[in-house]
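Asks: predicted coordinates and the sequence they were generated for:
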Amino acid sequence: MSLDSEFSRFDEVENLLKSSRSLIDEIVGKFVSRSESYSLLEFPDHSNVGDSAIWLGSVSCLEAHYGRSPAYVCTSGNFDPGKLASTTSGPIFLNGGGSLGDIWYESQIFKERVINMFPDRTVIQLPQSIHFSDCEKAQRAAKCFSSHKDFHLLVRDEISFRHAREILKIDAIICPDMALYLNQQHRKFSAPLTFLALLRADKESNVDYFKYSNLLDSIHRTDWLFELDVQTSYLRSNASALDNALAYKNIASARLDRGMIKLGLGKNVITDRLHAHILCLLLRIPHLIINNSYGKLHNFFRTWTSGISFATSSSNICDVGDWMIDRHRFNSDASSARFSEQSLVNRGTVVKYVPGDYSSLAFEFDVLEQKLVQDQDRNRIREAQLSQLVEGEVENTKRLLGEINDLAASQHRAWTE
């Protein structure tokens, strides 16, 4: 890649981050009083890297405004209303993401619980995407939000803004995703792969893996949900010696690093994860984004990032082949000049990495990780098949017993007549 091309990408992203931070600061600053203690709820204590990126952006923003860490933080599982009430006097911030709706409904229930329990506090829902498919759940959320006298909803795309008004019957504020409060990053090593596909396999996936198996099997495919306990166990074991806010920040940082290492395996990335898109921007990696099941990625892309030259949006995975051909052509035409990492560090706020090429080790680890994931998937399939077999045998046994009982009853009637 030429030096001019890398500088151009750097400047594009820096302009995006500056405008995003400015808007976030303007919006969040309206709710901040530095004399008050504040809380940040629903730390994402799971392996999804994107939610950790959101948490770190939120913490960075709030600490910049308040000059200190939140006085109370929690997961949805260890939430203590009494402790929140006794340790904080100011606003309650709910972490952002893609969990406002009924796809990840446990998170929605937690939000409503907090809002209902603190009717006299200012509650701010940090930027979310909205998606409801169940009208009753949407009506319940609308009733909860509208009944609170000081609840403020931030959304991260224009479609969610419209949903807030039409479905939830409240006015929302459009705000960039909190991960855009993070700084630009550098790759940890030279990318060993020309193409990397980081694709989800959960209920938000919109990819027909069977239909496009020939195309996808030609690309190294991965995801970032797999996490070894050893990766966070040390941080957890030392959490008691730290305040929770610092412990959560360390755990989220470790997960973010894992995600950046994974994305750094590819010179070019294909993804249907919103925060893989955002981290590719921070790493300046050319990438193609494919929409998720309900349009979250394209809604965000159209609202904030469509002007980035090295990010391409597609509604269908069948476009991947054409995009790969274009990227191959670009790579073959590009200058072989190596750019200076230090020159970019001097150009702006960028996190610099310790020198060293770990690409081979990182790739081998990812291959091993995907084998473990595939083994787990196969085991789950076997368990499901075994369960179905057992259920089938149970049903057959019930049917035979029923037939025996019917026959016995018939014989009994014959004997007594």
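Replies: Right, received. Where do you want to start? Computed from a predicted structure; not experimentally measured.
Asks: how about the lengthiest strand in the chain as CSV, C-alpha atoms only?
Replies: Ranked by residue count, the top strand of the chain under DSSP state E comes out as strand 123-131. Presented in CSV, the C-alpha positions along strand 123-131 are these (Å, rounded to 0.1, in the frame of the first residue of the first chain):
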residue,chain,number,x,y,z
VAL,A,123,-32.1,7.7,32.9
ILE,A,124,-30.2,7.9,29.6
GLN,A,125,-30.2,5.0,27.2
LEU,A,126,-26.9,5.4,25.2
PRO,A,127,-27.1,4.8,21.4
GLN,A,128,-29.1,1.7,20.4
SER,A,129,-30.6,0.2,17.3
ILE,A,130,-34.3,-0.6,17.7
HIS,A,131,-36.0,-3.8,16.4
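Asks: strands of the stretch 151-300 of the chain, start to end?
Replies: 151-155, 173-174, 184-185, 193-198, 220-222, 266-271, 287-290 (DSSP state E, counting those that start in this stretch).
Asks: packing partners for the last one?
Replies: Contacting strand 287-290 under the criterion 3 or more C-beta pairs under 8 Å, 6 or more residues apart in numbering; DSSP states H and E are the following elements: strand 266-271, helix 274-283, helix 296-300, strand 311-314, helix 320-333. Every residue, glycine included, has its C-beta placed from N, CA and C.
Asks: average model confidence for the second one?
Replies: Per-residue pLDDT values over helix 274-283 give a mean of 97.
Asks: so that helix versus strand 123-131, what angle?
Replies: Using axes from the mean of the first three to the mean of the last three C-alpha atoms, to 10 degrees, one finds that helix 274-283 and strand 123-131 are set 110 degrees apart in direction.
Asks: where does the stretch 51-200 of the chain dip in pLDDT?
Replies: Counting by pLDDT under 70, the stretch 51-200 of the chain contains no low-confidence residues.
Asks: follow-up on the earlier one: Arg327 is nearest to which of the strands of the stretch 151-300 of the chain?
Replies: Minimum separation from Arg327 across these (C-beta to C-beta) falls at strand 266-271, 4.9 Å.
Asks: parallel or antiparallel, list what pairs with the closest one.
Replies: strand 193-198 (parallel), strand 287-290 (parallel) (DSSP bridges).
Asks: ok, the closest residue to Asn244 other than its chain neighbours - contacts?
Replies: Using C-beta to C-beta, 6 or more residues apart in numbering and skipping the chain neighbours, the partner closest in space to Asn244 is Val73 (5.1 Å). By C-beta atoms under 8 Å, 6 or more residues apart in numbering, the contact list for Val73 reads Ser39, Leu40, Leu41, Phe43, Asn244, Ala245, Tyr248.
Asks: tell me which helix or strand the residue most central in space within the chain sits in.
Replies: Nearest to the mean C-alpha position of the chain, counting by C-alpha atoms, centre = their mean, stands Gly50 at 3.3 Å. When secondary structure is defined using DSSP states H and E, the element that contains Gly50 is helix 49-66.
Asks: which helices and strands does that helix pack with?
Replies: With contacts defined as 3+ C-beta pairs under 8 Å, 6+ apart, the packing partners of helix 49-66 are helix 3-29, strand 39-41, strand 97-101, helix 244-263, helix 274-283.
Asks: how about the ones you listed in a markdown table, adding distance to Phe79 and mean neighbour count?
Replies: Below are the helices and strands packed on helix 49-66 laid out as a markdown table (distance: least, C-beta to C-beta, whole Å; neighbours: other C-beta atoms under 10 Å):
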| stretch | distance to Phe79 | mean neighbour count |
| --- | --- | --- |
| helix 3-29 | 22 | 17 |
| strand 39-41 | 7 | 24 |
| strand 97-101 | 15 | 26 |
| helix 244-263 | 12 | 20 |
| helix 274-283 | 24 | 25 |
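Asks: so which of the ones you listed gets nearest Gly307?
Replies: For the helices and strands packed on helix 49-66, the distance to Gly307 is smallest for helix 3-29, at 7.8 Å, taking C-beta to C-beta.
Asks: circling back to that earlier point, between the helices and strands packed on helix 49-66, which one is nearest to Val59?
Replies: Smallest distance to Val59 across those (C-beta to C-beta): 5.9 Å, for helix 244-263.
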